[in-house]
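model this:
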Amino acid sequence: MNILRPFTALAIAMLLPHSTFAQRLDSIHTLKDVAVVGVRPHYLTPSQTLKGSMLQNLSTTSVADALKYFSGVQIKDYGGLGGLKTINVRSLGSQHVGVYLDGIRINNAQNGQIDLGRYSLSNMESVSLYNANRNERLQSASEYASAATVYMQTKRPTETTYMLEYGNGSFGLNKLKGYFALKNMLFIDAEYQHTKGNYSFSFHSEQEDTTGTRHNSDITFYRIEAAAFYKGLSTHIYYYNSERGLPGPVIRRLSDQWDSTDRQWDQNFFVQSSYKHSWQHFGLKANLKYAYDYLHYLQDPQTNASTMYCNNHYAQQDIYGSVAGAWNTRYLSLTASTDLRWTDLRADVYKFAYVYRIDSKSLLSAIASYRGFEANVALLYTHIADHTRSAAAPLSQLTPMYLASWHGGPWTVRAFHKRIFRAPTINDLYYTLVGNTQLKPEYTSQWDLGADYKDRHLHLALDLYYNRIEDKIVAIPMKCQFRWSMVNFGLVKSIGLSTTAGYDRTWGKFALSANANYTCQQDRDYSSPLDPEYKNTIPYSPLHSASLIVDLGYDGYSLCTSWLYTGNRFALISNNKEDMLGAWQTVDLKLNKRFCIGRQSLQTTIECNNITNSRHEVVKRYPMPGRNWKLSVQWSW
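As a prediction, this is how the structure comes out:
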């Protein structure tokens, strides 16, 4: 830099008058301090992320649709456009997956399942999946309390924007969306959608050959979200209201009087805030959340002669707070955090007593880094106590986690071991004729060894893993088919291999993004050597699954093609031939074109889902829609 100084002065002298040049040399100009802020990358746990244009260009409408393209993921979809959609990672079960929105967990103490179909992608910046958990400083204790974690990150607006969108599609789909964002401060996102869901289907087995039209598969919902940002403080408000039909399984009958007519009404509300601040060596993060969930379920024998009358109402409240502090040096980071969650459940179910649960978690975590080597050791303490008539005994557990990696150039080698549990849900413990207050927690032990290669355009990842699930909580019939109960029964062992490949490149106006995933996984039941099902494949666990996304862009056009494949799997642990669900694959196509009109823009989108008209089931006897179309127009300014 000293060598260049005389040449710089000479260049200025040639361009400026002599008096101006002398004045400039005699003056001293001081620049204010410049701080460069970034997030230090960590390589300890295998992760997958969809973000930016690829996430928005996928032929998807909800977070559940995006997650099914990740390696090792199975999305259970109970048919119908309004059906429940839950995530299962590496066959650990949906209750072992923590779902987070802007770093705060979405909770359901009643049944432990989060319906991912309720969360839109329209305001999402990224959707990520981490095996074990995300490895960062200043994490809450709850973020370490799951076998796998899903993170949904909303967009922080970088400019002031207005947007309106209308969409129309197959099966009576109509949707209307509006979005307003104020630069760096807030956004408001609203959506209304209605669909009849009356799609045709074909169901084939050795004993049956049924074709028909899906009934009671409609859904009407509206969703309103708003978020505000100020320095390290962010606040998010969410409200969702829906009415939907719950289509039952397809069973050959002599008349339609047996068709499902069940209805469900949902109201979900939460408000959450997060504050984060960092000093030179210290960091602080605090979270606070209140949530209210209401569910009304109606089953009427007057419209379906095969059912009993059921008209149940459930109301669940959730109050959550957490504080995390971190001390950081060049080579070492120490984090301590504590969480407290209070949840209650009211229901008008026969003999259901009011119950509330207090769940506290405390975490100590140490991350050490030195010349490409990095290690994380964490210890999580959990205490759960229920308060109700004939409550289960309090639960206290201490669980460890160990992670290590080496990073050099484009290569990363990593490994982890994590032992964690999921507590029995309120339904598991107290639901009438089903609950069992003597249940033990369901433990998982995970081992993973993987390697990554990442350069400017290419990303490759390979993981070998082994999972062990102990004291699996299952429902089995006791004295009769009507009276079931929850019991600890089972040992499941899983061994698998997952691969991921990604490529991004831009040539002038032309852009290419591609992402491919493949998983080979074997899941076996090792509960009892005397059982006929010993070493059988567990239900809904395919040996092979794969996905491919290719997104092409050119001068305002975007063409995204996605392919999804799931191999053969069984619907029951008996593994009988008639319980086999055949392999299936779907191809989706989405074409966007953006027109710029002054400072405004018009985007038109046409998409075709399931182009090959695949007739398949994700869950047995719940057929999925065949080929369907959607057209939308979006105006923004």
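
Going by residue numbers, what spans are strands in the stretch 401-550 of the chain?
When secondary structure is read from DSSP state E, counting those that start in this stretch, the stretch 401-550 of the chain shows strands at 411-422, 442-454, 458-470, 473-477, 484-488, 491-507, 510-525, 544-554.

Please identify which of those strands is closest to residue 350.
Proximity to residue 350, assessed across the strands of the stretch 401-550 of the chain by CB to CB, is greatest for strand 484-488 (15.3 Å). (Glycine included, C-beta is placed from N, CA and C.)

picking that back up, so which of the strands of the stretch 401-550 of the chain comes closest to residue 570?
Closest approach to residue 570 among the strands of the stretch 401-550 of the chain is made by strand 510-525 (10.4 Å; CB to CB).

buried ones in the closest one?
For strand 510-525, the neighbour count (16 or more other CB atoms under 10 Å) marks 511, 513-521, 523-525 as buried.

Which other helices and strands does that strand contact?
With contacts taken as 3 or more CB pairs under 8 Å, 6 or more residues apart in numbering; DSSP states H and E, strand 510-525 sits against helix 52-57, strand 491-507, strand 544-554.

I'd like to know which elements the first one is packed against.
Same thing as helix 52-57. Based on contacts counted as 3+ CB pairs under 8 Å, 6+ apart, the elements that helix 52-57 packs against are strand 124-131, strand 510-525, strand 544-554, strand 557-566.

report the angle between the axes of the shortest one and strand 442-454?
Okay, so that is strand 124-131. What separates the directions of strand 124-131 and strand 442-454 is an angle of 110 degrees, with axes from the mean of the first three to the mean of the last three CA atoms, to 10 degrees.

quick one on the thing from earlier: would you mind giving the helices and strands packed on helix 52-57 as CSV with distance to residue 341 and mean pLDDT added?
Shown next, in CSV, are those (distance: least, CB to CB, whole Å; pLDDT from 0 to 100):
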stretch, distance to residue 341, mean pLDDT
strand 124-131, 21, 90
strand 510-525, 31, 93
strand 544-554, 34, 93
strand 557-566, 35, 92
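
Which of the ones you listed sits closest to residue 249?
strand 557-566 (19.1 Å).

Can I get that closest one in CSV, CA atoms only?
The C-alpha trace of strand 557-566 is given here as CSV (Å, rounded to 0.1, in the frame of the first residue of the first chain):
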residue,chain,number,x,y,z
TYR,A,557,-38.2,-16.4,-17.5
SER,A,558,-37.9,-19.2,-15.0
LEU,A,559,-38.6,-22.9,-15.7
CYS,A,560,-38.4,-25.3,-12.7
THR,A,561,-38.8,-29.0,-13.0
SER,A,562,-38.9,-31.3,-10.0
TRP,A,563,-39.0,-35.1,-9.8
LEU,A,564,-39.8,-37.1,-6.7
TYR,A,565,-39.4,-40.9,-6.2
THR,A,566,-40.4,-43.2,-3.4
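
Next, report how far that strand is displaced from the centre of its chain.
Remark: strand 557-566 is offset 20 Å from the chain centroid, using CA atoms, centre = their mean, to the nearest Å.

Neighbouring strands of whichever helix or strand comes after that strand in the sheet, and parallel or not?
Proceeding N to C from strand 557-566, the next assigned helix or strand is strand 569-570, under DSSP states H and E. If you go by DSSP bridges, strand 569-570 pairs up with strand 580-581 (antiparallel).

which outside residues touch the partner strand?
Residues external to strand 580-581 that are found in contact with it (CB atoms under 8 Å, 6 or more residues apart in numbering): 540, 568-571, 617, 620.

what's across from residue 310 in the sheet?
Each beta-bridge partner of residue 310 is listed here: residue 299, as defined by DSSP bridges.

neighbours of it, just the number please.
Here the number of neighbours of residue 310 (other CB atoms under 10 Å) works out to 13.

can I assume it is in contact with residue 296?
No: with contacts counted by CB atoms under 8 Å, residue 310 stays clear of residue 296, the gap being 10.9 Å.

Nearest approach to residue 231 belongs to which of the helices and strands packed on helix 52-57?
Judged by CB to CB, the one of the helices and strands packed on helix 52-57 that comes nearest to residue 231 is strand 124-131, at 18.6 Å.

Report the buried residues of that closest one.
For strand 124-131, by 16+ other CB under 10 Å, it's 124, 127-131.

Next: stretch 56-66.
With burial defined by 16+ other CB under 10 Å, the residues of stretch 56-66 counted as buried are 56-66.

is it possible to export those to CSV including pLDDT and secondary structure?
Rendered in CSV, the data for the buried residues of stretch 56-66 read as follows (pLDDT from 0 to 100; DSSP: H, G, I helix; E, B strand; the rest coil):
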residue, pLDDT, secondary structure
56, 82, helix
57, 81, helix
58, 79, coil
59, 71, coil
60, 71, coil
61, 72, coil
62, 79, strand
63, 84, helix
64, 82, helix
65, 81, helix
66, 84, helix
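
Between which two of these is the distance greatest?
With CB to CB as the measure, no two of those lie farther apart than 57 and 64, at 17.3 Å.

Please name the bridge partners of residue 292.
For residue 292, the beta-bridge partners are residue 269, residue 317 (DSSP bridges).
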